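[1] coords please:
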Amino acid sequence: MWQEDKINNNEVISFLKKSEPLTIAISNFFLKKNIILRNKHKLLVLRRNSTIYGVTLIEHSGEIHLYCKLKVQTPEIEALAHRLKMLPIKVTSIAGPEFFVNQLVFFLEKKEYLELEYFYMAKKIQKENISAPHIHLAEKKDIRGLAPLQSAYLTEEVFTEPTQVSSRYVEKMLEYIIMHQRMFFYHSDSKIVSKANTNAQGFESIQLGGIYTVPEYRQRGLAQITIKTLIN
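    Residues are numbered from 1 along each chain as shown. Model (predicted):
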């Protein structure tokens, strides 16, 4: 059954490496340098005959990330739901294989959770030689120029309500991404016209996100070259 495990367990890290990119969000957590933040999270490990078959990461913010090597049995999912109910946090989102997530939500007996299955956004890193003089690594000084693209991305691609996309919210989000992830942008005609960033970085994989090109600069391959630079 599920057992709480140590964050620095080498056995768990080995399991995550072999399972990337499907474990990208959990790997990203292991690679975070903020030890204080890491200690606020919980890691549950599913073992069968002393062998790891699944991991669940419970972030202090209420986000749940799941992965299992084999199909999880119903009693194992029910046991995980019971443990989640006992925690002093409100679950805000659950990400993982569809069957696993659906069963877990059923046993949690609530429907307000955001169910996600976003592993298709992750890919193994394959490096190429890229020469792109118009592309730059984003820094804090670039937040003002990136803000219009991030706002448009949130409303057009993520379908965030426009009333929630305040300038302060967008700037804080960009600051967080620049500090904890990687973001590149394409600069043309004295302004930023395309951008892309990582949402998670694993041991051997990355998860792409925040990809946006302003409408008048689309169909020129700018996002493609920005993503290639980001991967490399």
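[2] separation between the nearest residue to Glu156 once chain neighbours are set aside and Lys195?
    Leaving aside its sequence neighbours, Glu156 sits nearest to Tyr212 (C-beta to C-beta, 6 or more residues apart in numbering; 7.8 Å). The C-beta positions use only the backbone N, C-alpha and C, and glycine is treated the same way. Distance of Tyr212 to Lys195, computed by C-beta to C-beta, to the nearest Å: 6 Å.
[3] now swap in Leu230 and tell me
    On the measure of C-beta to C-beta, Leu230 and Lys195 end up 9 Å apart.
[4] now do the shared contacts for those two.
    Both Leu230 and Lys195 are contacted by Met183, Phe184, under the criterion C-beta atoms under 8 Å, 6 or more residues apart in numbering.
[5] which elements pack onto the helix or strand hosting the residue nearest to Glu156?
    Counting by DSSP states H and E, the element that carries Tyr212 is strand 205-213. Helices and strands touching strand 205-213, by 3 or more C-beta pairs under 8 Å, 6 or more residues apart in numbering; DSSP states H and E, are helix 24-30, strand 122-124, helix 143-156, strand 191-201, helix 222-231.
[6] re earlier: shared neighbours of Tyr212 and Lys195, which are they?
    The contact lists of Tyr212 and Lys195 share Leu149, Gln150, where a contact means C-beta under 8 Å, 6+ apart.
[7] more crowded one of these two?
    More neighbours surround Lys195 than the other of Tyr212 and Lys195, with 29 against 23 (other C-beta atoms under 10 Å).
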